[in-house]
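K.L.:
Build me a model from this:
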Amino acid sequence: MGASGGIGQPMSLLLKLNPRISHLSLYDIVHTPGVAADLSHCSTKAKVTGHMGPDQLKACLEGCDIVVIPAGVPRKPGMTRDDLFNTNASIVRDLAEACSKFCPEAILCIISNPVNSTVPIASEVLQKAGVYNRNKIFGVSTLDIVRSNTFIAQAKGLDVNQVNCPVVGGHSGVTIVPLISQCTPPVSFPQDEREKLIVRIQNAGTEVVEAKAGAGSATLSMAYAGARFTNSMLEALNGEEGIVECAYVRSDETEAKYFATPLLLGKNGLEKNLGLGKLLDYEADLIKKAMPELKKNIEKGEEFVNKKA
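P.N.:
I've put the predicted structure just below:
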C-alpha cells in the first residue's frame, strides 16, 4: 500500500524478487498501473497486479496474507516525524479500515511514519471493527537494526552479515534504543564512542533527510529493511522455525502499551515476545529516557482515532 512512492517502488522490486511471494498486489492513489506493468516484466515467479484509488482497495486486498504499508508523505529537512502526523495518520487509518473489511486475517506491517503513533492508530481501527489481533500488527523498525548492524560492522571491521544488534523501544529519535551489550558477535566501545554511535543510530534518518537536501527521506534503505522484515514474516508463515526480528508491537514488557523488542515470529504472526533480556545500567537509563516521548506518541495515535469517531 503506497507502491508508487519513494519506498514503495524499490520495495516492490525487492518483493518481486522473493520466491516466497506468489502474488504481489500493488496499491496507490497514482501511477500504480505503470509500476505494476514495469515490474511484471521481471522474470520471477510473483504475479503482479496494480490497483489505483479507493474503489480498487477490495480487489487489491482480498486474499492477502501480508499487507505492507509504506504509504504517506516523506520527511523534508527541518521536519520532525511528528510534523508528518496528520497526513500519514489519516492514510494509515483509512488503509487499516480497508484491511479490516477485505483481509481481516492478514498480517499488517506498518512502515508509515511516525510508526510510534501509526501502529496504535491501526490497532484502534481494527478494534473498532471487531477484528483486532495484537499478534498480527507490526511496526517495522527493522531499519534501526539494519543501521546498527552496518555502523557497528564498519566501526569494528566485521562482516556485516554476521552482526546482529537488537534495537528496542520505538522508531524515532530518543525512543530508539540499541542494545549494544546484546550484539552478536560481542562488541565493546569506550563510553564516548558508544555514546556517539547511539546518537548516530537514533539520528540516522535525519542524516539521510539532510543529505538528500529536500529530495526526500530514507527510501532505499527503508525498502531494503521492509523487504527483510516481510521475508522473515513469510518464512515464519511457511512454518520455518526460529525466525526472530525486532518490531514495534502491542506489549506488556514495559509501562508503554507498544514497545519494540526481539520477537519470535510464527504461523500466526507474533509467536512469542522475547523481551528485553539483561540490560546494562546505561541501556536501562536510555529506556527510561525514551518513555515520556513514547507514551505521548502512543496516546496521540489513539486519540486521533477516537476523537474522529
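
K.L.:
Model confidence score at the spatially most distant residue from the centre of the chain, please.
P.N.:
Going by CA atoms, centre = their mean, the residue of the chain most distant from its centre is residue 190, 30.7 Å out. For residue 190, the model assigns a pLDDT of 97.

K.L.:
And it, how close does it get to residue 120?
P.N.:
Between residue 190 and residue 120 the distance is 38 Å, computed by CB to CB, to the nearest Å. All C-beta spots, glycine's among them, are computed from the backbone N, C-alpha and C.

K.L.:
Residue 283 reaches residue 181, doesn't it?
P.N.:
Yes: in this structure, residue 283 is within contact of residue 181 by CB atoms under 8 Å, at 6.3 Å.

K.L.:
And these two? Which one has more around it.
P.N.:
residue 283 (20 against 17; other CB atoms under 10 Å).

K.L.:
quick one: what helix or strand has residue 109 in it?
P.N.:
Using DSSP states H and E, residue 109 maps to strand 107-110.

K.L.:
So which elements touch that strand?
P.N.:
strand 66-69, helix 85-102, helix 115-128, strand 137-139, helix 220-237 (3 or more CB pairs under 8 Å, 6 or more residues apart in numbering; DSSP states H and E).

K.L.:
Now find how far off-centre the second one is within its chain.
P.N.:
Averaged C-alpha coordinates place helix 85-102 at 15 Å from its chain's average position (CA atoms, centre = their mean, to the nearest Å).

K.L.:
how about it as PDB, C-alpha atoms only?
P.N.:
Extracted in PDB, the C-alpha atoms of helix 85-102 (Å, rounded to 0.1, in the frame of the first residue of the first chain):
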ATOM      1  CA  PHE A  85       1.400  13.100  11.700                       C
ATOM      2  CA  ASN A  86      -1.800  14.500  10.300                       C
ATOM      3  CA  THR A  87      -1.300  13.400   6.700                       C
ATOM      4  CA  ASN A  88       0.100  10.000   7.400                       C
ATOM      5  CA  ALA A  89      -2.300   9.300  10.300                       C
ATOM      6  CA  SER A  90      -5.300   9.700   8.000                       C
ATOM      7  CA  ILE A  91      -3.800   7.500   5.400                       C
ATOM      8  CA  VAL A  92      -3.000   4.700   7.800                       C
ATOM      9  CA  ARG A  93      -6.500   5.000   9.400                       C
ATOM     10  CA  ASP A  94      -8.200   4.600   6.000                       C
ATOM     11  CA  LEU A  95      -6.000   1.700   4.800                       C
ATOM     12  CA  ALA A  96      -6.400  -0.100   8.200                       C
ATOM     13  CA  GLU A  97     -10.200   0.300   7.700                       C
ATOM     14  CA  ALA A  98      -9.900  -1.300   4.300                       C
ATOM     15  CA  CYS A  99      -7.900  -4.200   5.700                       C
ATOM     16  CA  SER A 100     -10.500  -4.700   8.400                       C
ATOM     17  CA  LYS A 101     -13.100  -5.200   5.700                       C
ATOM     18  CA  PHE A 102     -11.300  -7.000   3.000                       C
END
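
K.L.:
Buried residues, it. List them.
P.N.:
For helix 85-102, burial by neighbour count (16 or more other CB atoms under 10 Å) applies to 85, 88-89, 91-93, 95-100, 102.

K.L.:
Under the pLDDT cut-off, which ranges of the chain? List them.
P.N.:
308-309 (pLDDT under 70).

K.L.:
quick one, helices of this protein?
P.N.:
In the chain, the segments counted as helices under DSSP state H are 8-16, 32-40, 57-61, 85-102, 115-128, 142-156, 191-202, 204-211, 220-237, 281-308.

K.L.:
hmm, who's touching the shortest one?
P.N.:
Which is helix 57-61. Residues outside helix 57-61 that contact it (CB atoms under 8 Å, 6 or more residues apart in numbering): 1, 25-27, 49, 51, 67, 95, 98-99, 101-103, 106.

K.L.:
Can I get these in a markdown table including distance to residue 136?
P.N.:
Formatted as a markdown table, the contacts of helix 57-61 follow (distance: CB to CB, whole Å):
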| residue | distance to residue 136 |
| --- | --- |
| 1 | 16 |
| 25 | 18 |
| 26 | 21 |
| 27 | 19 |
| 49 | 23 |
| 51 | 22 |
| 67 | 10 |
| 95 | 15 |
| 98 | 15 |
| 99 | 10 |
| 101 | 15 |
| 102 | 15 |
| 103 | 11 |
| 106 | 7 |
